[in-house]
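>>> Sequence below, structure please.
(chains A and B)
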Amino acid sequence: MSSLLEVSGAVVRAGKRDLVGGVDLTVLPGEVVALVGPNGAGKSTLLRAIAGEISLAGGEIALKGRSLAHYSARELAQHRAVLSQHTSVSFEFSVEEIIVMGAGDLRPQSWLRDASRQVMERCDILHLLDRPVTRLSGGEQQRVHFARSMLQLLAADDGSKPGLLLLDEPTASLDLNHQLNTVEIVRDIAQEGTGILLVIHDLNLTAMLANRVAMMKSGKIVATGRPDEVIRNDIMADVFDVRDAVGIAPSPPMPFVLPQSMRLT
Amino acid sequence: MLGALTLLLVATAVMSAMVGAAGIPLQRLLAAVIGSGGDAAVLSRDQLVLWSIRLPRIAVAIGIGALLAVAGAIMQGMFRNPLADPSLVGVSSGAGFASAATIVIGDRLLAGMGYQLPFELLPVAAFCGALVATLVLHRIATHGGRTSIAIFLLGGLAVAALANAGIGLLVFIADDRQLRDVTFWLLGSLAGATWAKAWILVPFLVAAVLVIPRIQRGLDLLALGEAEAFHAGVAVQRLKVTSIILVSAVTGAAVAVSGVIGFVGIVVPHLLRLMIGPAHRILLPASMLLGATLMLCADTAARILAAPAEMPIGIITALIGAPFFIALLLRQRSVAAL
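So this is what the prediction gives:
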């Protein structure tokens, strides 16, 4: 299968420091890839570069076989959507207005109304539809913006071209129930062909959710593979400085992380 | 909503045409407009008052109000800041300084060559002044795609102080006749309104109406942040350049015609956001209509409150606007830390 996203030798530089130092990464249609690693490893920076927000100092990023540099902002928005780590809204737009903004002017009013209600239902925010988004809790706002990025891809999809969804810590401020709901939604979207690349800190959710895990440290990908191949004691010790953290949950066997202590050096 | 606002504007205009140093009751107003009916002497006097004094002034008030209000609304959207207003953050002062400088310095240069300074030059100069002030402000306050509200307001304070110092310097070197012109830009007034000045505003009003549909979606998405607007397909840099040029041109034109009149750009969009929400598709045209109405009310009050003398309109807009601004600041304080 041809890849949706192809990152080769990507370098992002700030001053003299390489925040991302030569990363190779692919995402296939329908695949969920998780970027994990300690704070400051360059995960969010890499995600922003893939979103087209910051330009590369070296290497190349191609979306659907075409270099990112050759897309206009408008074209890019029809092939990939992004959920930022934190979005603050400066005026009191209602939840529904915010979500519909994602779709732009690609669809008629009636389609927008139905589709926006569907994604709101799916993200469990339909009851908030009239509320000003600025008055919601952090977790609720995160669900609103997640719904908006879903609608953006839905509006652009003509059935033949799966998009790429980039999520920066989509579960960070959610309660347990909504974390699991997000896991389910992400899996469902992937089932329909969308490729998903997400930055995530919760390794247990990662194990439940990802087809592939890419472990980052100091701007480089140090391990990549299925969750059970990457979430291992030796790799965890190397990347996070924790020991004896990984156990295996039964049926279906799945790694889980419960660190006993920090490594004593 | 836009229909109701248009109706309100028309009603205000009719009322404003009726009152003043020489009152014209409604039936005489009608006669004067269609040009027949009633006593011939009264009719010709009414027509003179209406066509050469009152209507041009109404037209200028409508134009200025619409331009200043829409400039405020666009600026607030662009800087993601409900406290932005061209008069508050030095953009109007920049335009005023450029106008005054053109008069004082240009006058001397041209007088040496035996030319009279053409009035049409002033909007161009004012535009340049406004543009420089906006660009400086943008450079100061926006860093890495984020605008700090506190830095923005303080930066605006500095820009305004600088422009006002420049105006002060011009006052110092100006001769008596120029001095009168220069102080006019400091206070703001519609007293010198003529049809010629009203016509100067028309292309700017048309430009605003034409540009609004092209920037309204972008400004909506910009409320989520520059990165988020880009993610949703907005060419952010182009949107900002378009907005900055439009705000500068529109503010410059208003200042060139009427001097610095404050607070319209902050009061009007805020009232409208409370009534119809923040979506720019409606907010921007509604701002033009309500801005025109409020400016007309303020100018009518300026004409009649101390008749036969006239109050500077800037005093009235500041009397309404400044407490409003303070209330807005208090509200902002509770919503987000500056």
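>>> shaky segments in chain B?
For chain B, applying pLDDT under 70 flags the ranges B:114-117, B:144-147, B:184-185, B:333-338.
>>> For A:Gln142, give me its contacts.
Shown in contact with A:Gln142 (C-beta atoms under 8 Å, 6 or more residues apart in numbering or on different chains): A:83, A:170, A:172-174. No exception for glycine: its C-beta is placed from N, CA and C like everyone else's.
>>> ok, and which of these reach chain B?
With C-beta under 8 Å from any C-beta of the partner chain as the criterion, no member of the contacts of A:Gln142 is in contact with chain B.
>>> closest to chain B among those residues?
Comparing those against chain B with C-beta to the nearest C-beta places A:Leu83 closest, at 8.7 Å.
>>> A:His145 is in contact with that closest one, correct?
Yes. The criterion here is C-beta atoms under 8 Å, and A:Leu83 meets it with A:His145 at 5.7 Å.
>>> what about the residue in the stretch 51-200 of chain B that chain A sits nearest to, neighbour count?
Going by C-beta to the nearest C-beta, chain A is nearest to B:Arg80 of the stretch 51-200 of chain B, at 3.9 Å. Here the number of neighbours of B:Arg80 (other C-beta atoms under 10 Å in any protein chain shown) works out to 23.
>>> And the one 10 residues further on, by the same measure?
By other C-beta under 10 Å, 27 other residues sit near B:Gly90.
>>> Contacts only, for residue 201.
Because you didn't say which chain, this covers chain A. Neighbour list for A:His201: A:36, A:169, A:172 [criterion: C-beta under 8 Å, 6+ apart].
>>> hmm, I had chain B in mind actually
With the criterion set at C-beta under 8 Å, 6+ apart, B:Leu201 makes contact with B:60, B:63-64, B:67, B:253-254, B:257.
>>> Okay, the closest residue to A:Pro227 other than its chain neighbours and chain B: tell me how far apart.
Excluding the flanking residues, the one nearest A:Pro227 by C-beta to C-beta, 6 or more residues apart in numbering or on different chains is A:Ala207, at 4.4 Å. Relative to chain B, A:Ala207 is positioned 28 Å away (C-beta to the nearest C-beta, to the nearest Å).
>>> which residues touch A:Ala207?
For A:Ala207, the contact set (C-beta under 8 Å, 6+ apart) comprises A:227-228, A:231, A:254-257.
>>> Looking at those residues, which one is closest to chain B?
Looking across those and measuring by C-beta to the nearest C-beta, the closest to chain B is A:Pro227, at 27.8 Å.
>>> part of a helix, is B:Val241?
Yes. Under DSSP: H, G, I helix; E, B strand; the rest coil, B:Val241 falls within a helix.
>>> and it, how many neighbours does it have?
Using other C-beta under 10 Å, B:Val241 has 11 neighbouring residues.
>>> ditto for A:Lys64
The number of residues near A:Lys64, taken as other C-beta under 10 Å, comes to 18.
>>> does it really touch A:His79, like I thought?
Yes. Contact criterion C-beta under 8 Å: A:Lys64 and A:His79 qualify, at 6.3 Å.
>>> What's the local residue count around A:Arg17?
9.
>>> Could you tell me the phi and psi values at it?
Backbone geometry at A:Arg17, expressed as degrees, to the nearest 10, gives phi -90, psi 140.
>>> Would you report which members of the contacts of A:His201 are assigned to helices?
Using DSSP state H, no member of the contacts of A:His201 falls in helices.
>>> I'd like those residues as JSON lines, with neighbour count appended.
Listed next are the contacts of A:His201 as JSON lines, based on neighbours: other C-beta atoms under 10 Å in any protein chain shown:
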{"residue": "A:Val36", "neighbour count": "25"}
{"residue": "A:Glu169", "neighbour count": "20"}
{"residue": "A:Ala172", "neighbour count": "16"}
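>>> Would you convert those residues into TSV that also reports distance to A:Asp24 and pLDDT?
Converted to TSV, the contacts of A:His201 look like this (distance: C-beta to C-beta, whole Å; pLDDT from 0 to 100):
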residue	distance to A:Asp24	pLDDT
A:Val36	17	96
A:Glu169	23	94
A:Ala172	27	89
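>>> Mind checking which of those residues land in strands?
A:Val36 (DSSP state E).
>>> how much space is there between B:Leu210 and B:Arg177?
Distance from B:Leu210 to B:Arg177, counting by C-beta to C-beta, to the nearest Å: 39 Å.
>>> Equivalent analysis for B:Glu310, please.
For B:Glu310 relative to B:Arg177 (C-beta to C-beta), the value is 21 Å.
>>> Looking at those two, which one has more neighbours?
B:Glu310 (16 against 10).
>>> so B:Leu222 touches B:Ala235, yeah?
No. Using C-beta under 8 Å, B:Leu222 is not in contact with B:Ala235; the gap is 11.4 Å.
>>> More neighbours: which of the two?
Of the pair B:Leu222 and B:Ala235, B:Leu222 is the one with more neighbours under other C-beta under 10 Å, namely 26 against 15.
>>> count of neighbours near the closest residue to B:Ile151 other than its chain neighbours?
Spatial nearest neighbour of B:Ile151, excluding adjacent residues (C-beta to C-beta, 6+ apart): B:Ala141 at 4.9 Å. Neighbour count for B:Ala141, taken as other C-beta under 10 Å: 22.
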